[in-house]
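> I would like the atomic coordinates for the input below:
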Amino acid sequence: MTVSRLLSGGGVRVPKVLATDLGQGFLLVEDCGDQLLLPALNDSSADSLYGQAMDMLLRMQAIDVPTGVLAHYDEQRLWDEMALFPSWFVQNLLDLPFGRNEQTLLDNCFDWLVASALGQPQVLVHRDYHARNLMLHTYSLPPGELVTIDFQDALIGPLTYDLVSLLRDCYIRWQPEQVRKWALAYRDNLIKNNRPAGDSEQQFLTWFDLIGLQRHIKVLGIFARLWLRDNKAGYLHDLPLVLHYTMEVAERYPEAAEFVEWMQVRILPACRRQPWWKEIDR
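Model prediction:
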């Protein structure tokens, strides 16, 4: 309820809460239909639909959250998320033994990613802002109003977190140049609205890349856990794209060279032996 009120008060369209009985844990929530954004995306519609999604994100990030209302995406939380990768993905899913030197390598990589995340301007972060958590309202007038859902884990965190969740979506892929174009268009809109956007395009894109790398390392662990603990096999089919994003970004940065080599030598060969593996074209 707190996050819903924050978002709606800031002009972000969320399902309306029509009635509550908090004592018994009941909410009566507006029916927005069942049209997720994901199946509506194609080469013809993407510019318009992502434009609407980024406009919503601008409004979300402009919300002035009172002190203490939301927790912060702090160092411990960022670290704990990435720790899911060696435990659930490497050791449990791939069944690979994990040595002390490997942990040191990951510690160094994770420290670098955490420092970048904490160095960004901090704003309200949805934390799962992607095409399965955006809906085209079936019953609005005119139909197709964009609505966001699944925002209950919102925090105060890095400026580019939700943007990279949207544009490097784990369930749909766009070409890197198109993603770069959308990301820089978002930065231009931040500047037009007198909002922090980094000292240069390169700084903004580096923030975007590195928080995306943090997120995708986390997601590898989460998707493995969803299968192994919760028996949700569908997420296995999304692992190759998340691995692709992970390597695509890490290979651009000298600071990740040891991580890249370790992934190439140790992790990817084990992935290629898995029944869920498929190649993603570069």
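
> Now the helix or strand containing residue 243: average pLDDT?
Per DSSP states H and E: residue 243 is located in helix 239-250. On average, the pLDDT along helix 239-250 is 98.

> can you pull out the helices in the stretch 1-150 of the chain?
With DSSP state H, counting those that start in this stretch as the criterion, the stretch 1-150 of the chain has helices at 2-9, 46-61, 75-82, 84, 100-119.

> Let me have those helices in JSON lines, adding mean neighbour count and mean pLDDT as columns.
To be clear about C-beta, it is placed using only N, CA and C from the backbone, and glycine gets the same treatment. Converted to JSON lines, these look like this (neighbours: other Cβ atoms under 10 Å; pLDDT from 0 to 100):
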{"stretch": "helix 2-9", "mean neighbour count": "16", "mean pLDDT": "94"}
{"stretch": "helix 46-61", "mean neighbour count": "18", "mean pLDDT": "98"}
{"stretch": "helix 75-82", "mean neighbour count": "16", "mean pLDDT": "97"}
{"stretch": "helix 84", "mean neighbour count": "19", "mean pLDDT": "98"}
{"stretch": "helix 100-119", "mean neighbour count": "16", "mean pLDDT": "96"}
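
> need those helices in JSON lines with distance to residue 179, can you?
JSON lines is the format used below for the helices of the stretch 1-150 of the chain (distance: least, Cβ to Cβ, whole Å):
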{"stretch": "helix 2-9", "distance to residue 179": "25"}
{"stretch": "helix 46-61", "distance to residue 179": "10"}
{"stretch": "helix 75-82", "distance to residue 179": "22"}
{"stretch": "helix 84", "distance to residue 179": "25"}
{"stretch": "helix 100-119", "distance to residue 179": "18"}
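
> Show me the one of those helices that comes nearest residue 185.
Each of the helices of the stretch 1-150 of the chain has some distance to residue 185 by Cβ to Cβ; the shortest is helix 46-61, at 7.4 Å.

> Contacts for the closest one, please.
By Cβ atoms under 8 Å, 6 or more residues apart in numbering, the residues outside helix 46-61 that reach it are 7, 10-13, 37, 40-41, 123-124, 126, 129, 134, 146, 148, 159, 162-163, 166-167, 174, 178, 182, 185-186, 189-190, 193, 195.

> let's see it at 6 Å
Helix 46-61 is touched from outside by 10-12, 123-124, 134, 146, 162, 166, 182, 186, 189, with contacts defined as Cβ atoms under 6 Å, 6 or more residues apart in numbering.

> Closest to the centroid, which residue in this protein?
Among the residues of the chain, the one closest to the centroid is residue 165, at 3.0 Å (Cα atoms, centre = their mean).

> Indicate which one of the helices of the stretch 1-150 of the chain is closest to residue 240.
Between residue 240 and the helices of the stretch 1-150 of the chain, the shortest separation by Cβ to Cβ is 18.1 Å, and it involves helix 84.

> from the middle of its chain, how far away would that closest one be?
Chain-centre distance of helix 84: 15 Å, with Cα atoms, centre = their mean, to the nearest Å.

> now swap in stretch 43-54 and tell me
With Cα atoms, centre = their mean, you get 18 Å for stretch 43-54.
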